[in-house]
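Student: Turn this into a model:
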Amino acid sequence: LNSGELLRMSWDEQQLHADMTFEIGLPDELQPTMSEYVRDMGLLDTFKDIFVGNELYNVDEREELRFRGYNWVVERPKSEWSTDEHLVAPGDETAHNNFLHMLAEGGFDEVIDGIGRHFSLKD
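Tutor: Next comes the predicted model:
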């Protein structure tokens, strides 16, 4: 798919049950930009500690961490299933804006524009 192009997902050429399930083309530069960001921020090391080093958080545990001067939150949410899912997210507006800037550098705006075009959305 081209960057920002949407295609309804299907399985063996049959439409899936969910009407709003799509594949979307990503810009070539997005994955390397995101990988570099995660590595340079120190987030990758934290992921490795959690999953490879088996330093899993307790269920409902939440920790605020700083990565390169930005506030981030790592938490392990409650779940009906036995899972090691952990959520990592910017912890404040400054970190959020930094993350959005990285996405823009990776061409993510093309994805947003493609979604808007596909659904005939305006600004």
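Student: how about the helices in this structure?
Tutor: For the chain, the helices defined by DSSP state H cover 30-41, 43-47, 93-105, 108-118.
Student: got the angle for the last one vs helix 93-105?
Tutor: Spelled out, that is helix 108-118. With axes from the mean of the first three to the mean of the last three C-alpha atoms, to 10 degrees applied, the angle from helix 108-118 to helix 93-105 works out at 80 degrees.
Student: How about residues contacting helix 108-118?
Tutor: Defining contact as C-beta atoms under 8 Å, 6 or more residues apart in numbering, one finds that helix 108-118 is touched by 3-6, 22, 24-27, 30, 103, 121-122. For glycine as for every other residue, the C-beta is placed from the backbone atoms N, C-alpha and C.
Student: as a whole number, average confidence for that helix?
Tutor: On average, the pLDDT along helix 108-118 is 96.
Student: okay, it in CSV with CA atoms only?
Tutor: Extracted C-alpha coordinates of helix 108-118, given in CSV (Å, rounded to 0.1, in the frame of the first residue of the first chain):
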residue,chain,number,x,y,z
PHE,A,108,2.8,10.1,10.0
ASP,A,109,0.9,13.2,8.8
GLU,A,110,0.5,11.3,5.5
VAL,A,111,-1.3,8.5,7.4
ILE,A,112,-3.7,11.0,9.1
ASP,A,113,-4.3,12.8,5.7
GLY,A,114,-5.0,9.4,4.1
ILE,A,115,-7.6,8.5,6.8
GLY,A,116,-9.2,11.9,6.3
ARG,A,117,-9.4,11.5,2.5
HIS,A,118,-10.7,7.9,2.8
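Student: As a markdown table, the helices of the chain with mean neighbour count and distance to Leu87 would be great.
Tutor: Converted to a markdown table, the helices of the chain look like this (neighbours: other C-beta atoms under 10 Å; distance: least, C-beta to C-beta, whole Å):
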| stretch | mean neighbour count | distance to Leu87 |
| --- | --- | --- |
| helix 30-41 | 15 | 14 |
| helix 43-47 | 16 | 12 |
| helix 93-105 | 14 | 14 |
| helix 108-118 | 16 | 20 |
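Student: Sweet, I'm off.
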